[in-house]
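K.L.:
Task: produce atomic coordinates for the following.
(2 chains)
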Number of protein chains: 2
Amino acid sequence: MPCLLRGTASYGEGMEDDSVVIEQFRAAVDRRLAELSPDHDARPARLAEAARYAVLSPGKRFRPMLTLLAAREFGAEPLMALDAACAFEMVHAASLILDDLPSMDDADLRRGRPTTHQAFDEATAILAAVGLLNQAFGVIAGDPGLPDAARADLLRRLSASVGFQGLVSGQALDLHDRDHVRTPDDIDLLNHRKTGILMVAAAQAGALVAGAPAGAVTAVGEFARRLGLAFQIQDDLIDAAFIADSGKDLGKDAGMMTLVTALGPQEAAAAVGAHLEAAGAALARAGATGLLARYAFGLFEARKAAA
Amino acid sequence: MPCLLRGTASYGEGMEDDSVVIEQFRAAVDRRLAELSPDHDARPARLAEAARYAVLSPGKRFRPMLTLLAAREFGAEPLMALDAACAFEMVHAASLILDDLPSMDDADLRRGRPTTHQAFDEATAILAAVGLLNQAFGVIAGDPGLPDAARADLLRRLSASVGFQGLVSGQALDLHDRDHVRTPDDIDLLNHRKTGILMVAAAQAGALVAGAPAGAVTAVGEFARRLGLAFQIQDDLIDAAFIADSGKDLGKDAGMMTLVTALGPQEAAAAVGAHLEAAGAALARAGATGLLARYAFGLFEARKAAA
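P.N.:
Numbering: from 1, shown residues only, chains lettered A, B, ... in the order given. Next comes the predicted model:
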């Protein structure tokens, strides 16, 4: 039995085979995203190019990978979940366009490239974001491979993860409600709504496409939620260490309440460990101890090593 | 048999009963929109208030009325389509917020009230628009009264009407591609994508909820498309007459190519007549000659009289 299919492989085993599968999945996402993006000859060309620029920008496609790997974990042919996976990347790209706008974080660069409103213009960036979010729903609604019940469930969860109690509220809290974000629970809620909530929906989408039982869908969501929180605290720890080392002010983020400033670096590091442990336990409850876990925890280790 | 149920009533008949039904439908839409809007105590409150401000602002609820009346026309209990109807008002409200933004039309007032970004702030306005669009999909995805097949079809059509070949592209064409809008066909396409396309989806949604045959769904769409074009040309005729009368410049719209500037007022007025005739013929093909037609054409006459 090849290692990839062994649910009990430890995270270090089978890394070579793992990386082949991961790379295949990522390439499939990139190809499908390019197919789904507005054509170069669409009118107006500027809008189409802005949408392509944002959604096809280089990235690890983390949310689509969660969808595909969760689908695989529960026995589905992963490519059945490919369009749903791409939908989550569209939403993610839309959220980054919006976060970077002059009226929000006012960012000129993202990963070394001009942000979408800098590369095009603000109105085009906003319309591209709205178009990408809208297309995410259209892609799932129009995916011929999805059973109708899974489709409706997926769309409901996608909408809940974006809306007035999801990404949109997370961004609004971050912009205008930081004074009310004081306790560790407040900080976790903000972090979850700003990023983790879409990871939860993406991972659960894969489980839903595979027809996983409700308990497993919930557990996979808990895995993604814990993972998202661990990532965020890790980022905050890295920023804090960098600030301490360099004496530099990293900008407006430096003054914000994070779990590191609230609890101190030691307790924050312990929280990362607790979240990762809970994430692993949730996957174990769901019987999903294969490549999904190895990918997610491997990514975590790689980020830590790179910092 | 009461007049309302008579498919063959001419548009002038039964006006009193009509207005009672219309008023009931509109009130039902307003109540349901208020229920579906984010609570006053949602966090952050500013975002919730901005969304409520935009979507509950006074209006005739034209798109929801098209949905409800089309559902009624094809034999459905109209309230079965109420949530879908409200979804179209959410999308409409979102599109108005975006159109008014500083980076787009930069409008301070809409119908005498401060625009959403003026009443709140730009970031909150953008997030409210994104939240409302997102919620429209969530409401339809989560509507327990819809059959699954109709739900998926409705969501696909909603997405198509908003996206890179819908409202979003219409707004982008209007902002950045006016130089390429020269022929009457170009102008019709722009007008359709800027407004009519959502009316088409709204009217068709009602027919879909009622399980109308595909030919009838198409015909109802053609009715709404023609009606939308007629409305737009009528607006342009009114603006042109006002400009001619007053010698005033009505702002940036005045310099733009419209069907009135392209064809002259007489031919433009003839086009309005042709669109209305085609709209009526489409409804007749669909066997939908009841209140939907009386409402739409009545509204048209009322606008003309008020101008």
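K.L.:
quick one: terminal-to-terminal distance for stretch A:180-195?
P.N.:
19 Å (C-alpha to C-alpha, to the nearest Å).
K.L.:
Would you mark the buried spots in it?
P.N.:
For stretch A:180-195, a neighbour-count test (16 or more other C-beta atoms under 10 Å in any protein chain shown) marks A:V181, A:D186, A:I187, A:D188, A:L189, A:L190, A:N191, A:H192, A:R193, A:K194, A:T195 as buried. To be clear about C-beta, it is placed using only N, CA and C from the backbone, and glycine gets the same treatment.
K.L.:
same check, this time on stretch A:272-287
P.N.:
For stretch A:272-287, a neighbour-count test (16+ other C-beta under 10 Å) marks A:V272, A:H275, A:L276, A:A278, A:A279, A:G280, A:A282, A:L283, A:A286 as buried.
K.L.:
cool, and stretch A:32-42?
P.N.:
Buried-residue list, stretch A:32-42, by 16+ other C-beta under 10 Å: A:R32, A:L33, A:L36, A:S37, A:P38, A:A42.
K.L.:
For chain A, which segments count as helices?
P.N.:
Assignment of helices within chain A using DSSP state H yields the ranges A:15-36, A:45-55, A:62-73, A:82-100, A:116-119, A:122-141, A:148-162, A:167-176, A:184-191, A:197-209, A:214-246, A:259-263, A:265-285, A:291-306.
K.L.:
Of the ones you listed, give the one that comes closest to B:D143.
P.N.:
helix A:148-162 (9.2 Å; C-beta to C-beta).
K.L.:
I'd like to know which elements the closest one is packed against.
P.N.:
Contact analysis of helix A:148-162 by 3 or more C-beta pairs under 8 Å, 6 or more residues apart in numbering or on different chains; DSSP states H and E lists helix A:82-100, helix A:122-141, helix A:197-209, helix B:122-141, helix B:148-162 as its packing neighbours.
K.L.:
and those helices as a markdown table, adding mean pLDDT?
P.N.:
Formatted as a markdown table, these follow (pLDDT from 0 to 100):
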| stretch | mean pLDDT |
| --- | --- |
| helix A:82-100 | 98 |
| helix A:122-141 | 98 |
| helix A:197-209 | 98 |
| helix B:122-141 | 98 |
| helix B:148-162 | 95 |
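K.L.:
Cross-check the buried residues of stretch A:32-42 against chain B and keep the overlap.
P.N.:
A:P38, A:A42 (C-beta under 8 Å from any C-beta of the partner chain).
K.L.:
tell me the two of the buried residues of stretch A:32-42 that are most distant?
P.N.:
Largest separation among those by C-beta to C-beta: A:R32 and A:A42, giving 17.7 Å.
K.L.:
For A:G145, which non-adjacent residue is spatially closest?
P.N.:
In space, and not counting its chain neighbours, A:G145 is closest to A:M80: 5.0 Å by C-beta to C-beta, 6 or more residues apart in numbering or on different chains.
K.L.:
what's near enough to touch that neighbour?
P.N.:
A:A71, A:G145, A:L146, A:V209 (C-beta atoms under 8 Å, 6 or more residues apart in numbering or on different chains).
K.L.:
and which of these is nearest to chain B?
P.N.:
Lowest distance from chain B to these (C-beta to the nearest C-beta) belongs to A:L146, with 8.7 Å.
K.L.:
Next up, the contacts around the closest residue to the closest one other than its chain neighbours.
P.N.:
Excluding its sequence neighbours, the residue lying closest to A:L146 (C-beta to C-beta, 6+ apart) is A:V209, at 6.6 Å. Neighbour list for A:V209: A:T67, A:A71, A:A76, A:M80, A:A81, A:A84, A:L146, A:A150, A:L154 [criterion: C-beta under 8 Å, 6+ apart].
K.L.:
In a markdown table, list those along with distance to A:A268.
P.N.:
A markdown table is the format used below for the contacts of A:V209 (distance: C-beta to C-beta, whole Å):
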| residue | distance to A:A268 |
| --- | --- |
| A:T67 | 29 |
| A:A71 | 33 |
| A:A76 | 37 |
| A:M80 | 39 |
| A:A81 | 34 |
| A:A84 | 34 |
| A:L146 | 40 |
| A:A150 | 38 |
| A:L154 | 34 |
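K.L.:
Most neighbours among the residues you listed, please name it.
P.N.:
A:T67 (33 neighbours; other C-beta atoms under 10 Å in any protein chain shown).
K.L.:
what separates that residue from chain B, distance-wise?
P.N.:
Using C-beta to the nearest C-beta, to the nearest Å, A:T67 is found at 17 Å from chain B.
K.L.:
Low-confidence regions, the stretch 151-300 of chain A specifically.
P.N.:
Along the stretch 151-300 of chain A, segments meeting pLDDT under 70 span A:246-255.
K.L.:
Straight-line length of stretch A:205-215, end to end?
P.N.:
Using C-alpha to C-alpha, the end-to-end distance of stretch A:205-215 comes out at 14 Å.
K.L.:
Can you mark which positions in that stretch are buried?
P.N.:
A:A205, A:G206, A:A207, A:L208, A:V209, A:A210, A:A212.
K.L.:
which residues touch the residue lying closest to A:I187 once chain neighbours are set aside?
P.N.:
Using C-beta to C-beta, 6+ apart and skipping residues adjacent in sequence, the residue nearest A:I187 is A:L259, 5.2 Å away. Each residue near A:L259 by C-beta under 8 Å, 6+ apart is listed here: A:P184, A:I187, A:D188, A:N191, A:Q232, A:I233, A:D236, A:A268, A:A271.
K.L.:
That'll do, ta.
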